[in-house]
Structures are given as structure tokens and as C-alpha cells.
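**Q** Need the 3D shape of this:
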Amino acid sequence: MKDLTSSNKAVNERLTIQVHPDDNVIVAIQPLSEGKTIKANNTEFTLQSDITAGHKVAISDVKKGQHVIKYGYSIGLATHDICQGEHIHSHNLSTSLDGSESFTYKTEPATPIVKPSPPSFNGFLRNNGQVGIRNEVWVINTVGCVNQAAKRITDLCRQKFTGQADDFIAITHPYGCSQLGDDLSNTKNLLGSLIQHANAGGVLVIGLGCENNQLSQLIATTTGLDPERIRYFNSQEVSNEIDEGVNCVQELLNQMASDKRTPQPVSKLALGMKCGGSDGFSGLTANSIVGRVTDKLTGFGGRVILTETPEMFGAEQVLMDRAQSKQIFDEIVNLVDEFKQYFISNNQPIYENPSPGNKAGGLTTLEEKSLGAIQKGGKAIINEVIGYGMKASVKPGLTLLQSPGNDAVSSTALAAAGANIVLFTTGRGTPLGFPVPTVKIASNSDLATRKAHWIDFNAGQILDAGVDVDECADKLFDYILEVASGKLTNNEINDNREVAIWKNGVTL
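**A** Now for the predicted structure:
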């Protein structure tokens with residue numbers, strides 16, 4: 001298998017970068033002018049046009065119908081003859097995907113070897129053996145009708161119980177009523193998983209009473225609940241739901257009063273990997289260092305969760321080659337086919353991607369975007385595949401989670417799956433945050449500088465400071481341990497906590 005997380009050291013005067021030695025393209029690190037002399041693969045050539053940062057340049061002639069190679073893999077076919085030094089983008093490159101792709105199971109990989117003596121962080125050990133990195137009270141509603149009640153309860157608790165919990169978080173959404181089939185199942189499964197999250201020292205669940213998503217059923221079907229750490233009621237059945245909620249939180253705080261941070265092995269951490277608003281550098285810097293963090297954490301016995309199924313399209317075989325067994329391979333195939341059928345059932349084209357913003361940043365085809373996106377999974381062996389709204393296991397390894405690419409929907413699903421932290425890479429920036437600490441990783445230094453109140457870590461230093469990818473990944477890993485030990489991320493400081501549930505069914 002080719003190394004998708006190349007060291008990226010082939011920088012030409014910090015003007016261009018060649019990701020993999022087999023590539024026939026380089027990527028401009030900064031805007032380049034027509035006529036500029038560039039050196040790549042021990043040959044010099046002249047740029048045929050101005051090149052925007054993040055965009056691709058041919059380092060050799062490519063005939064019409066031949067593959068354009070980036071990350072060591074094809075990102076599509078040339079639609080015209082392309083000369084050395086020519087700009088490669090939508091005008092002369094198109095996807096080679098047509099929906100007829102088939103997949104092959106290859107040699108079963110070895111079981112991952114867990115490294116001894118993992119580093120530690122200071123976390124909260126829960127009664128079930130899991131570890132939280134925050135000791136918060138979460139107020140979760142079964143139905144959108146009581147959203148405002150949940151928010152009023154958390155606002156009052158922040159005032160009344162200052163310092164008695166890390167924070168009081170209202171996890172609200174517009175669903176739970178008039179839902180049928182998959183929509184109702186998605187809502188119940190996701191909320192049931194969030195109720196069990198280790199970052200919550202206590203959970204209050206509020207229902208209305210008449211909704212499809214019945215509180216009694218939700219509690220009864222959510223396994224592994226700690227009765228000391230959960231309270232719940234229907235608002236229609238109490239005299240004043242706000243007073244009742246505050247009283248319930250007080251009871252939870254009494255249970256949480258003895259919770260203390262203690263040293264915990266990093267194997268107890270679970271990280272969710274997500275990218276949003278990608279640019280031409282995302283796969284070269286931010287996703288690349290996140291992939292190394294994946295390899296490092298799983299090597300120490302931790303769990304990493306990767307999602308955004310449609311952003312695996314075009315790179316599926318690369319992931320399937322890392323399936324731990326034939327069963328896992330079959331589950332990955334089903335994961336991908338299920339999502340493709342979702343597109344087909346809704347009469348939508350499967351390969352209508354990247355977005356306009358992605359294209360402006362230099363990404364041309366879905367293969368290119370996907371090959372860059374899956375770098376977040378590093379080289380780790382995939383040993384688990386789970387459905388939307390489900391919880392990942394606590395064993396070491398890489399989990400694939402069924403979810404769309406939408407930032408809010410997929411990041412919420414990562415939190416529900418048990419991720420203590422979401423590592424969110426971005427080339428264009430977003431203020432979004434989610435129920436768990438959301439580490440925003442900029443692919444370029446301009447974004448990190450302009451949006452310092454959004455961005456937590458700058459992977460752009462690889463390009464403009466000549467920092468080695470491994471060195472940058474080590475810095476990110478150290479930062480993650482700081483966050484796990486209590487350091488606040490910008491989404492926490494700015495109180496950006498969004499929740500979105502995947503709606504793909506019928507509403508009454």
C-alpha cells in the first residue's frame with residue numbers, strides 16, 4: 001500500500017509540494033506567476049499560467065484519458081492533453097468514477113501491536129471503567145418542544161451552581177415528534193448514545209410526554225446507564241419543569257461532588273476525526289498530521305472514529321485494504337453501498353462533489369477530496385464498523401462510522417459514538433463546535449492567523465515554517481493531552497455547542 005501520509009518534505013523553495021513520489025502533479029503553496037521556473041523530479045519547467053495557492057500543476061505531460069496521480073493514487077482522468085507546467089483543474093480533469101466500481105478483499109492485515117507505556121492525561125474515571133475529559137452536566141431533551149426548557153435550566157444552573165461542574169450543557173434538537181421509521185430510530189439511537197457519554201458526570205433527560213420518542217422507551221432501551229448519574233421526567237407530568245430540572249441537577253451535583261481528575265493512560269481516550277471546509281492544503285497538512293495522531297493513539301491502545309461515508313467514495317479500496325478480517329471488509333463494503341443506495345433512492349448523483357468552496361481551494365474531483373480526507377485515518381487497521389447513532393467499542397483500533405459528510409450531523413455522531421474530542425480539520429474555517437471539545441486544525445497559516453478565535457492548532461506551519469509533518473503531529477498530540485486534562489478549546493470558550501440529527505425519513 002502506498003503511504004498516503006508522506007513526509008511532504010519535497011518542497012520547492014516553499015513554493016510547491018509533491019505529496020508522493022509517484023505523483024505527476026505538484027501543489028502550489030503560494031500564488032505563482034506564469035513563466036515562473038519550477039523544479040520537480042530533478043527537472044525544471046516553466047509555468048504555463050498563473051497558479052492559485054492550493055491548485056495543481058502538471059510536472060510531466062499527461063495525455064487525454066490518462067490518470068492524474070496525487071497521494072500516489074489516481075484522482076481522475078485528463079479530459080485534454082496536458083502539458084508539463086500546465087494548471088490542472090476542472091477544465092482538464094474529471095472523475096473516473098461512474099458507479100460501476102467493484103472491491104476486492106486482499107491479504108488479511110496483522111493484528112495491531114499496542115505499544116507499552118502509553119503517556120497519560122488527567123481525566124475522570126467513571127463507574128463503567130470509561131474516562132471522561134470533562135465533568136459536565138448535560139441536559140438532553142427527547143423532543144424539540146422542550147428545547148427552551150433545557151436551555152433555561154442550564155442557564156439557571158450556570159448562575160446558581162457556579163464552579164460545581166465544568167459546565168452545564170443543553171443538548172437540544174428539533175426532532176422527536178411526528179417521526180417514523182429510520183428518522184425516529186436515528187433520533188433514539190443518537191440520544192441514547194449521548195446519554196452514556198463519559199464527558200458528562202451527570203445527565204438530565206427531559207421529555208414532553210406525548211411525543212413519538214417516548215422518554216420511558218428511550219431510558220429502557222439505553223443499556224449501561226448509571227442510575228446515580230441520570231435523572232429524567234416528562235414536562236407534562238410536573239408542576240414546573242424548570243424548577244424540577246434545577247432540583248434534578250442539584251441531585252446530580254451531589255453525586256458528582258467527589259469526582260476528581262486522576263492520571264489516566266491515553267489508551268482510555270477516544271478521538272473523532274472530521275474535516276470541513278477543505279482546501280487544496282487540507283490533505284497535505286491538517287489531515288496528514290491527524291492521520292499520524294490516529295496511528296499514535298491506536299498504537300497506544302486508544303480508539304479513533306472516522307466517519308463521513310460519502311467522502312470515502314473514490315478511496316474505498318484504500319480503506320478496505322486495511323480491514324482486519326474478511327468480515328470487516330464485508331462490513332465496509334456494506335457501509336459504502338448503503339450510503340450510495342441512499343443517494344440513488346433520493347434520485348441524487350452519487351459523485352456530485354466537491355463543493356464550490358472545495359473547488360475554489362484547488363480540489364477538482366471526488367477521488368482527490370476523498371484521498372485527502374481519509375488521511376485522517378492514518379495507516380491504522382480497521383477493526384470495527386458501526387451504524388449511525390451507535391457507540392464505538394473501547395478496544396484499540398480504528399472504527400468506521402456511518403454518517404453523511406455534513407459537519408454538524410457527522411460531528412454529533414462522532415460525539416455520540418463516544419469521542420471525547422473531535423479533531424476538526426479545515427482550510428476555510430468554521431465557528432462550529434459540538435457537545436465535546438472540538439479542536440479546529442487549520443490547514444494554512446493565513447486562516448489560523450485571521451480566525452485565531454476559531455482555530456486551536458495551525459498545521460500550516462508545515463508549509464511556511466518548514467516544520468516536519470511528524471514534528472507537527474507530535475505537537476498536536478501534546479496539545480490533545482492538554483485538552484484532555486482540562487485545557488479549553490475555542491468552541492468551549494465561545495460556547496459553540498451544536499447538535500444535528502440525520503433526517504432521512506418521513507415526518508407526519
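**Q** How confident was the prediction at residue 224?
**A** On the pLDDT scale, residue 224 is placed at 85.
**Q** swap that for residue 117, sorry
**A** 83.
**Q** Near it, how many other residues are there?
**A** Neighbour count of residue 117, defined by other C-beta atoms under 10 Å: 7. Heads up, the C-betas are built off the backbone N, CA and C, glycines and all.
**Q** before we move on, what about residue 184?
**A** 20.
**Q** Next: residue 264.
**A** For residue 264, the neighbour count with other C-beta under 10 Å is 20.
**Q** Over to it. Which of the three states is it?
**A** Three-state assignment for residue 264 (DSSP: H, G, I helix; E, B strand; the rest coil): strand.
**Q** hang on, residue 244 is in a helix, isn't it?
**A** Yes - Residue 244: assigned to a helix according to three-state DSSP.
**Q** From residue 209, how far off is the residue nearest to it when sequence neighbours are not counted?
**A** Closest residue to residue 244 apart from its sequence neighbours, by C-beta to C-beta, 6 or more residues apart in numbering: residue 238 at 4.4 Å. Distance of residue 238 to residue 209, given as C-beta to C-beta, to the nearest Å: 10 Å.
**Q** again, but for residue 91
**A** 59 Å.
**Q** Contacts for stretch 33-52 next, please.
**A** Outside of stretch 33-52, the residues within contact range by C-beta atoms under 8 Å, 6 or more residues apart in numbering are 10, 12, 15-16, 18, 26, 28, 31-32, 57, 59-60, 83-87, 362.
**Q** Just the buried residues from those, in PyMOL please.
**A** Of these, the buried ones can be selected in PyMOL as follows, counting by 16 or more other C-beta atoms under 10 Å:
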select buried, resi 10+15+16+18+26+28+32+57+59+60+84+85+86+87+362
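**Q** how far does stretch 206-221 sit from the chain's center?
**A** Relative to its parent chain, stretch 206-221 has a centroid offset of 29 Å by C-alpha atoms, centre = their mean, to the nearest Å.
**Q** How about that stretch, which residues are buried there?
**A** So for stretch 206-221, counting by 16+ other C-beta under 10 Å, buried means 206-209, 211-215, 218-219.
**Q** so residue 154 is in which element?
**A** helix 147-160 (DSSP states H and E).
**Q** List the neighbouring strands of the next helix or strand after that helix plus their orientation.
**A** Using DSSP H and E, the helix or strand that follows helix 147-160 in sequence is strand 168-171. Paired neighbours of strand 168-171 in the sheet (DSSP bridges): strand 136-141 (parallel).
**Q** Can I get the partner strand in PDB, CA atoms only?
**A** Presented in PDB, the C-alpha positions along strand 136-141 are these (Å, rounded to 0.1, in the frame of the first residue of the first chain):
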ATOM      1  CA  GLU A 136     -20.200  18.500  32.900                       C
ATOM      2  CA  VAL A 137     -23.900  18.200  33.400                       C
ATOM      3  CA  TRP A 138     -25.800  17.500  30.100                       C
ATOM      4  CA  VAL A 139     -29.500  18.400  29.800                       C
ATOM      5  CA  ILE A 140     -30.800  16.300  26.900                       C
ATOM      6  CA  ASN A 141     -34.400  16.700  25.500                       C
END
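**Q** chain center to that strand: distance?
**A** Mean-position distance between strand 136-141 and its chain equals 22 Å (C-alpha atoms, centre = their mean).
**Q** contacting residues for residue 75?
**A** Taking C-beta under 8 Å, 6+ apart, one finds 68-69, 93, 364-365, 367-368, 371 in contact with residue 75.
**Q** Mind pulling up the pLDDT for it?
**A** Reported pLDDT for residue 75: 93.
**Q** hang on, it is in a strand, isn't it?
**A** Yes - assessed with three-state DSSP, residue 75 lies in a strand.
**Q** Quick one: the helices in the stretch 101-250 of the chain, in order.
**A** Assigned helices in the stretch 101-250 of the chain, in chain order: 147-160, 181-195, 215-221, 241-256 (criterion: DSSP state H, counting those that start in this stretch).
**Q** mean confidence score for the second one?
**A** Looking back up the chat, that one is helix 181-195. Mean predicted confidence for helix 181-195 is 94.
**Q** Just the buried residues of that helix, please?
**A** Residues 182-195 are the ones in helix 181-195 that count as buried (16+ other C-beta under 10 Å).
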